[in-house]
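In: A predicted structure for the sequence below; I have some questions about it.
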Amino acid sequence: MSAEQPEKRRMSSLFERYLTLWVGLCIVGGLALGTWAPDLARSLDRMAVTVGGAPVVSIPIAICLFFMMYPIMVKIDFAGVIKAGRSGKPVLLTLFINWAVKPFTMYAIALLFLGVLFRGLIGADAIDLVKMPFGLDLPVGAQHGAGVVVLQDGVKMLEVPLWRSYFAGCILLGIAPCTAMVLVWGYLSRGNDGLTLVMVAINSLVMLLLYGVLGGFLLGVGRLPIPWQALLLSVSIYVALPLVAGYFSRTWLIRAKGEAWFKERFLHVLTPITITALLITLVLLFSFKGEVILANPLTILWISIPLFLQTIFIFILGYGAARFLKLRYEDAAPAAMIGASNHFEVAIATAVMLFGLSSGAALATVVGVLIEVPVMLMLVKFCLKTRNWF
């Protein structure tokens, strides 16, 4: 990475610059699709890999999510990751905040707002139907955590309080530090691009080890279904598979075409593919949740408030710690942003796989996408105005 930083930086991609607009349009498109063709999304969701008669992996969603993740993984330079271990403080700071602090503060903040303050507004008796944990075969009427096994259209589902379903989505966001858009946020805040990429790579590898463990633990504490097999399967499909594919294709392409072609041509082509796959997934998600959202439009607001507060809290914590550790501004800004933003692609993928496309958990992870761009752009401006603090 070049040590020189351009004085003025801006989003060069229309997809990235207007992501909030695209997300909004996909929401409207999804709601319209759900209203005019309600069976279409259900039909797509039924196109699944099944185990023991239970749908485990939605094929259309899995294809979309692979194309979300692969472009991120193919950027990882493993040689740079090894060198970065010597970078010290910034890397250790992001690892501490992302894995020892952020999951638990998200749990506490989401529980306070969704489970206590907003519970009556969401509907204390409102329920959600989520997938049965993979491999679990309980009779109808059996209790499992906070849920009850019911029969829905001939398929066993778990009936859980709606707020707990939203809570689960927040947990999945909290254990997924951003490893994609943070490259954009670091760039805009005039951070150290090379170090940002390395911190992203290291956190992606740590995610491979800790995502399933933390997810299972926190979902269990929250009395939510703990589909360990599905968690491990989701990490394998949505993190490990793109990582392996990215590593081998990167190695082969650089050897065959050269590093310059790889960075200037190949990676440039991949960026819109990632966001296009994300937007298609959002259309599917909202087409299926349209009825719930239209019936209670404030749902989005109730979910977004704890997510917003968590983002601000983690950013302040990371930025303050970076100043305390006397990091350079170029290292402090991206270090604070990795924890503040979420890897919503993995969170959406996991929520859909664990709880179903129509679940409240999947909806909560989508709200994470909605607030990501405006909030992070606000934090970028804050960083730029406080460069003299470092």
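Out: Now that the structure is in, tell me what you want to look at. Numbers count the residues shown, from 1 in each chain.
In: CA only for contacts and neighbour counts going forward, please
Out: Fine.
In: Now residue 161: closest residue in space, sequence neighbours ignored.
Out: residue 127 (4.4 Å; Cα to Cα, 6 or more residues apart in numbering).
In: Let me know how buried that neighbour is, in neighbour terms.
Out: Residue 127 has 18 neighbours, counted by other Cα atoms under 10 Å.
In: Please name the residues that touch it.
Out: Applying Cα atoms under 8 Å, 6 or more residues apart in numbering to residue 127 gives the contacts 159, 160, 161, 162, 163.
In: Please narrow the residues you listed to those residing in helices.
Out: When DSSP state H defines the helices, the subset of the contacts of residue 127 inside them is 162, 163.
In: Could you count how many residues lie near the closest residue to residue 163 other than its chain neighbours?
Out: Spatial nearest neighbour of residue 163, chain neighbours left out: residue 114 (5.9 Å); criterion: Cα to Cα, 6+ apart. Residue 114 has 24 neighbouring residues, counting by other Cα under 10 Å.
In: Residue 114 in helix, strand or coil?
Out: helix (DSSP: H, G, I helix; E, B strand; the rest coil).
In: That one against residue 301, yeah?
Out: No - between residue 114 and residue 301 there is no contact under Cα atoms under 8 Å: 11.1 Å.
In: Who are the packing partners of whichever strand or helix holds residue 70?
Out: Using DSSP states H and E, residue 70 sits within helix 59-73. Packing partners of helix 59-73 (3 or more Cα pairs under 8 Å, 6 or more residues apart in numbering; DSSP states H and E): helix 38-45, helix 241-257, helix 267-295, helix 344-355.
In: and the longest one, average pLDDT?
Out: Average pLDDT, helix 267-295: 72.
In: moving C-terminal of it, what's the next helix or strand?
Out: helix 299-324.
In: what's that following helix packed up against?
Out: Short answer (3+ Cα pairs under 8 Å, 6+ apart): helix 299-324 packs on helix 89-96, helix 102-112, helix 329-340, helix 360-385.
In: give the contact list for the residue nearest to residue 163.
Out: Here residue 114 is in contact with 122, 163, 164, 166, 167, 302, 303, 306 (Cα under 8 Å, 6+ apart).
In: related to what we said a few turns ago, just tell me which of the helices and strands packed on helix 299-324 ends up closest to residue 175.
Out: Of all the helices and strands packed on helix 299-324, helix 102-112 sits nearest to residue 175, with 5.0 Å by Cα to Cα.
In: worst-scoring helix or strand of the protein, pLDDT-wise?
Out: Ranking every helix and strand in the chain by mean pLDDT, DSSP states H and E puts strand 54-58 at the bottom, with a mean of 59.
In: rewinding a little: relative to helix 241-257, how tilted is the helix holding residue 70?
Out: 50 degrees (axes from the mean of the first three to the mean of the last three Cα atoms, to 10 degrees).
In: Show me the strands in the stretch 101-250 of the chain, by range?
Out: For the stretch 101-250 of the chain, the strands defined by DSSP state E, counting those that start in this stretch occupy 127-131, 143-144, 147-152, 155-161.
In: quick one: the second one to chain centroid distance?
Out: Spelled out, that is strand 143-144. Relative to its parent chain, strand 143-144 has a centroid offset of 28 Å by Cα atoms, centre = their mean, to the nearest Å.
In: In its sheet, which strands sit next to it, and in what direction?
Out: Using DSSP bridges, the strands paired with strand 143-144 in its sheet are strand 147-152 (antiparallel).
In: If we go by neighbour counts, what in the strand it pairs with is buried?
Out: 147, 148, 149, 150 (16 or more other Cα atoms under 10 Å).
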